[in-house]
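Asks: got a structure for you, letters missing:
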């Protein structure tokens, strides 16, 4: 009887531990969604660099990553739409599409875009918007934040939608600086 209770308790603890691990692991493999917001503009051109010329003293940033589903499944052949505020702390809504562009996701789930490190502007921390679409998956709009920007902690959108899991570090050991931002999509099924 004592042995049976011990085994039952051990199995229960093991199940709780495994379930907790699965739940935590599952949360890691999701990307929180955001609204497009008022500054999204349809029709951005396909281009890997979303600015014409880098103003003096502006840090160029190469963002790359993988589009995934279910933690490990790479999602290929889709589109990543990217937009952000420019150095003047404003979004370009003209037909110039400055600091806006689309890049293709290759067959291995990889994407890459070159931009500038975004500014902090009144009411918002440094961030870049992404809208990802691929056949068979739900379109996702999200934002990427920067871990060295302390102002993100006071941003209501950051706090509301698990911004910590979407914060990246900038690697400044090479020129241009680099950041990796992997994005997880949900299947349509």
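Replies: Ah, there it is. Keep in mind that what you see is a predicted model, and the values were worked out from it rather than measured.
Asks: residues near the nearest residue to residue 188 once chain neighbours are set aside, how many?
Replies: Closest residue in space to residue 188, ignoring its immediate chain neighbours: residue 136 at 5.6 Å, by CB to CB, 6 or more residues apart in numbering. Where you see a C-beta, it was placed from the backbone N, CA and C, and this is true even at glycine. Counted with other CB atoms under 10 Å, the neighbours of residue 136 add up to 12.
Asks: next: the one 3 residues further on.
Replies: The local packing of residue 139 (other CB under 10 Å) involves 15 other residues.
Asks: OK, contacts around it?
Replies: By CB atoms under 8 Å, 6 or more residues apart in numbering, the contact list for residue 139 reads 131, 132, 133.
Asks: can you tell me which of these are in strands?
Replies: 131, 132, 133 (DSSP state E).
Asks: which residues of this protein fall in helices?
Replies: With helices called from DSSP state H, the chain shows them at 2-28, 156-160.
Asks: middle-most residue in this structure, spatially?
Replies: residue 144 (4.5 Å; CA atoms, centre = their mean).
Asks: pretty sure that residue contacts residue 168?
Replies: Yes - in this structure residue 144 lies within contact range of residue 168 using CB atoms under 8 Å: 6.0 Å.
Asks: overlap in contacts of the two?
Replies: Joint contacts of residue 144 and residue 168 (CB under 8 Å, 6+ apart) are 179, 181.
Asks: circling back: out of the helices of the chain, which gets the lowest mean score?
Replies: Lowest mean pLDDT of the helices of the chain: helix 2-28, a mean of 36.
Asks: can you pull the buried residues of the lengthiest strand in the chain?
Replies: Longest strand in the chain by number of residues, with DSSP E as the criterion: strand 60-69. For strand 60-69, burial by neighbour count (16 or more other CB atoms under 10 Å) applies to 61, 62, 63, 65, 66, 67, 68, 69.
Asks: cool, stretch 100-111 as well?
Replies: 100, 101, 102, 103, 105, 109, 111.
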